[in-house]
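**Q** Quick one, fold the following:
(2 chains)
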2 protein chains.
Amino acid sequence: MSGKLFVIGTGPGNPDQTTPQALAAISEASDFFGYKPYLDRLNLREDQTRHASDNREELARASAALDLALTGRTVAVVSGGDPGVFAMAAAVCEAVQHGRPEWRSINIEIVPGITAMLAVAARLGAPLGHDFCAMSLSDNLKPWDVIEARLKAAVTAGFVIALYNPISRARPWQLGRAFEIVAKLLPPATPIMFGRAAGRPDEQMLVAPLREAQAAMADMATCVIIGSAETRIIEREGHVPLVYSPRSIGSPAR
Amino acid sequence: MSGKLFVIGTGPGNPDQTTPQALAAISEASDFFGYKPYLDRLNLREDQTRHASDNREELARASAALDLALTGRTVAVVSGGDPGVFAMAAAVCEAVQHGRPEWRSINIEIVPGITAMLAVAARLGAPLGHDFCAMSLSDNLKPWDVIEARLKAAVTAGFVIALYNPISRARPWQLGRAFEIVAKLLPPATPIMFGRAAGRPDEQMLVAPLREAQAAMADMATCVIIGSAETRIIEREGHVPLVYSPRSIGSPAR
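**A** Next up, the predicted model:
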């Protein structure tokens, strides 16, 4: 008997940014797997069971969820933001590909959510208004030289870059190194954006020119957006500035 | 007297994927600007006014909305998907930067939404599960040689690529040319994904290997996702295949 596995994105944390589709899936599921802070945001009923875990045990969590779904339960794997962007959807697929053949019989439904870079961009203006990349700065799952090569390629080609997982206690130097790399390729006034808890009461938004950007401006919950040479700041009296990347360009950034 | 301007993303078209925040902003606004099909999806009250326009008059539409907000009205500029991704937020910012100085006094609030690539990815598996780019394939606002350079840079560096505005009557050859370019850099079996109306009753999802990908598989409402050399397909009996990009890699795509 195979049940169902939802992989649900609850959005960036403001309940007004969680979709009705996500709420319906949460209501339908009996068992919940996820990083504890994400599960804490759900208003579960007494008949719903939480299986909280550490943030770094993604593959083990996906496997446990698939095993339980196989018994006929309706299981939810919960991510903040969107589950398809540096979150649980890829881990679940990876588990299905390499794990028990029976897992392929499970009905898997992925419920999208608003990912952090979109929520942060909305609070700042339109920094992702033109071509952009999303990259994880974590070198837990890919070599650092790949990350450096991608940063250089993206900046040289003129993409704005949204960085996920910019820094952590175990990865203290990577963000500073990333700023050094892009500083060789972008003007010193290029806007660097640090967005944390977008749309939540503890929201923090900071915009600094590249020449002043510091790794200490971010923590593990920050989405860092590196502007392109085209990204502009509009000062406004009585309002925070707007940061945006124009829709039109004449030539690639150098 | 300055009013308020909302720039609202209604998500990909399934009402269950529109956030409560977007619905609240729609309820609060008196006047609505947007491409007619997006406005048609709203359930407006009799006291709310529609100002529909053609899809290509973005700057004029932003300026008209800002002018009306300046009179004290609460105005909404509506985009499908997310307003910050190849949509109206950048056009509004552009208008504010270059337009009437009074527009800078307007309270502008941008309401994010689920952008097409996230909705399409959720229906397919996790093709954006690792580093990825989003590019507009339209050469209306940037030269084609910039687009070619960005495609090459993104593929060479190993990014998955989500293409917005892949094709239209006025731009019939660009998508085919894009496939030719990436075919020189990626394995012939690389999955190319065509997602249309994700989550809606008329949804169409198609996955083809790069060697068989044709521009005719897309129309102007399709989001095309070009996999990387790492992107995998998991066949499942009784279910559609899952397409995903693993979280870990050993070396950059060549």
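**Q** what stretches of chain A score poorly on pLDDT?
**A** A:1, A:54-56, A:250-254 (pLDDT under 70).
**Q** Helices of that one, start to end?
**A** All helices of chain A, identified by DSSP state H, fall at A:20-28, A:36-40, A:58-70, A:88-98, A:116-124, A:144-157, A:174-183.
**Q** packing partners for the shortest one?
**A** Translated: helix A:36-40. strand A:49-53, strand A:74-79 (3 or more Cβ pairs under 8 Å, 6 or more residues apart in numbering or on different chains; DSSP states H and E). The way it works is simple: take the backbone N, C-alpha and C, and place the C-beta from them, glycine included.
**Q** Give me the angle between the last one and strand A:49-53.
**A** Angle of strand A:74-79 versus strand A:49-53, following axes from the mean of the first three to the mean of the last three Cα atoms, to 10 degrees, is 40 degrees.
**Q** in its sheet, what does strand A:74-79 sit against?
**A** Strand partners for strand A:74-79, identified by DSSP bridges, are recorded as strand A:4-9 (parallel), strand A:31-35 (parallel).
**Q** got the contact list for it?
**A** A:3-10, A:25-26, A:28-34, A:38-39, A:42, A:61-62, A:65-66, A:68-69, A:83, A:87-89, A:92, A:113 (Cβ atoms under 8 Å, 6 or more residues apart in numbering or on different chains).
**Q** Dump it to CSV, restricted to CA.
**A** Provided in CSV are the C-alpha atoms of strand A:74-79 (Å, rounded to 0.1, in the frame of the first residue of the first chain):
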residue,chain,number,x,y,z
THR,A,74,-0.1,11.0,4.1
VAL,A,75,3.3,12.5,4.9
ALA,A,76,4.5,16.1,4.5
VAL,A,77,8.1,17.2,4.1
VAL,A,78,8.2,20.9,5.0
SER,A,79,10.6,23.5,3.8
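**Q** Check which residues of that strand are buried.
**A** A:74-79 (16 or more other Cβ atoms under 10 Å in any protein chain shown).
**Q** related to what we said a few turns ago, adding distance to residue B:178, write the helices and strands packed on helix A:36-40 out as a markdown table.
**A** A markdown table is the format used below for the helices and strands packed on helix A:36-40 (distance: least, Cβ to Cβ, whole Å):
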| stretch | distance to residue B:178 |
| --- | --- |
| strand A:49-53 | 41 |
| strand A:74-79 | 31 |
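**Q** among these, which is nearest residue A:19?
**A** strand A:74-79 (13.3 Å; Cβ to Cβ).
**Q** Check the offset of the closest one from the chain's centre.
**A** 17 Å (Cα atoms, centre = their mean, to the nearest Å).
**Q** So what angle separates the directions of it and helix A:88-98?
**A** 120 degrees.
**Q** and the angle for strand A:74-79 with helix A:20-28?
**A** Here the directions of strand A:74-79 and helix A:20-28 differ by 130 degrees (the same axes, to 10 degrees).
**Q** now the angle from strand A:74-79 to helix A:58-70?
**A** 160 degrees.
**Q** ok now do residue A:177, which residues does it touch?
**A** When the contact criterion is Cβ under 8 Å, 6+ apart, the partners of residue A:177 are residue A:148.
**Q** can you give me the end-to-end distance of stretch A:17-32?
**A** 20 Å (Cα to Cα, to the nearest Å).
**Q** What residues of it count as buried?
**A** Quick answer for stretch A:17-32 (16+ other Cβ under 10 Å): A:17-19, A:21-23, A:25-26, A:29-32.
**Q** ok, residues contacting that stretch?
**A** A:6, A:8-11, A:39, A:42, A:44, A:47-51, A:65, A:68, A:73-78, A:109, A:111-114, A:119, A:199, B:11, B:14-21, B:112, B:114, B:199.
**Q** Now list the buried members of the residues you listed.
**A** A:6, A:8-11, A:39, A:42, A:51, A:65, A:68, A:73-78, A:111-114, A:119, A:199, B:11, B:14, B:17-19, B:21, B:112, B:114, B:199.
**Q** coming back round to it: ok, so of the buried residues of stretch A:17-32, who is nearest residue A:190?
**A** residue A:17 (28.3 Å).
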